Every structure is written in C-alpha cells, then in structure tokens.
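*Asks:* Test case, fold it:
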Amino acid sequence: MSISMDPQLGDGVRLAAERAGVSVSAWLADAAAARLRKQALADFLSDWQAKHGKITATELAKARAELGHAGVKRR
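*Replies:* You can find the predicted model right below:
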C-alpha cells in the first residue's frame with residue numbers, strides 16, 4: 001500500500017509517531033483503526049435510530065452518568 005499526503009500533514013504525522021515512540025506505519029495504522037471504529041459506531045447508531053427513534057438528551061445524560069462521564073460534552 002502506498003499513500004500520499006500534504007507535506008505539512010506528513011510532518012505532523014512523523015512528529016506524532018516519534019512522540020508516541022512508534023513507527024509512522026504503526027501510527028497511521030492506529031489512526032486508521034480508530035477511524036474505522038468511529039465509522040462503525042456512527043453506522044450502528046444511525047441504523048439503531050432509524051429503527052427505534054432518535055436518542056434523546058435524557059438518554060444520553062443517563063448513559064454518560066452510568067459510564068462515569070457525567071458532564072462530558074460531545075465533540
């Protein structure tokens with residue numbers, strides 16, 4: 001596999017990998033895996049809400065509290 005990216009982005013990736021103590025390939029693989037997990041969750045939630053209705057603010061607050069993330073805002 002081969003990839004291309006903006007030189008400034010490449011510099012940032014190299015620096016991030018160095019700071020993490022991993023190779024650029026490992027850093028990019030971790031980033032890609034995280035992106036795939038995020039997309040899988042978004043797809044699941046979209047399908048779930050299509051079948052069961054939109055998740056309410058109250059349900060989100062309850063889930064945050066149960067997970068110990070009360071007061072954490074969504075990005």
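
*Asks:* Give the burial count for V13, as a bare number.
*Replies:* 15 (other Cβ atoms under 10 Å). C-beta here means a position set from N, CA and C on the backbone, and glycine is covered the same way.

*Asks:* contacting residues around it?
*Replies:* Counting by Cβ atoms under 8 Å, 6 or more residues apart in numbering, V13 touches 5, 24, 27-28.

*Asks:* where's the residue most central in space within the chain, which helix or strand?
*Replies:* Taking Cα atoms, centre = their mean, the centroid of the chain lies closest to K38, which sits 4.3 Å from it. K38 belongs to helix 24-52 when assigned by DSSP states H and E.

*Asks:* one step back: how near is the residue nearest to the centre of the chain to G68?
*Replies:* Look at K38 and G68: by Cβ to Cβ, to the nearest Å, they are 21 Å apart.

*Asks:* Kindly report the same for A29.
*Replies:* In this view, A29 and G68 are 29 Å apart by Cβ to Cβ.

*Asks:* count of neighbours near V22?
*Replies:* Neighbours around V22, by other Cβ under 10 Å: 14.

*Asks:* Under a three-state scheme, what state does it occupy?
*Replies:* What DSSP: H, G, I helix; E, B strand; the rest coil gives for V22 is coil.

*Asks:* and it, what does it touch?
*Replies:* V22 touches D30, counting by Cβ under 8 Å, 6+ apart.

*Asks:* Do me a favour and average the pLDDT over the one helix or strand R19 maps to.
*Replies:* Per DSSP H and E: R19 is located in helix 7-20. Taken as a whole, helix 7-20 carries a mean pLDDT of 98.

*Asks:* and what of stretch 49-68?
*Replies:* 93.

*Asks:* what comes up buried for it?
*Replies:* Buried residues in stretch 49-68, counted by 16 or more other Cβ atoms under 10 Å: none are found.

*Asks:* cool, stretch 25-36 as well?
*Replies:* For stretch 25-36, the neighbour count (16+ other Cβ under 10 Å) marks 27-28 as buried.

*Asks:* Tabulate the CA atom coordinates of that stretch in PDB.
*Replies:* The C-alpha coordinates for stretch 25-36 follow below in PDB (Å, rounded to 0.1, in the frame of the first residue of the first chain):
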ATOM      1  CA  SER A  25       3.300   3.000   9.700                       C
ATOM      2  CA  ALA A  26       2.200   1.900  13.200                       C
ATOM      3  CA  TRP A  27       0.900   5.400  14.000                       C
ATOM      4  CA  LEU A  28      -1.000   5.500  10.700                       C
ATOM      5  CA  ALA A  29      -2.400   2.000  11.200                       C
ATOM      6  CA  ASP A  30      -3.600   3.000  14.700                       C
ATOM      7  CA  ALA A  31      -5.200   6.200  13.300                       C
ATOM      8  CA  ALA A  32      -6.900   4.200  10.500                       C
ATOM      9  CA  ALA A  33      -8.200   1.600  13.000                       C
ATOM     10  CA  ALA A  34      -9.600   4.400  15.200                       C
ATOM     11  CA  ARG A  35     -11.300   6.000  12.200                       C
ATOM     12  CA  LEU A  36     -12.900   2.700  11.200                       C
END
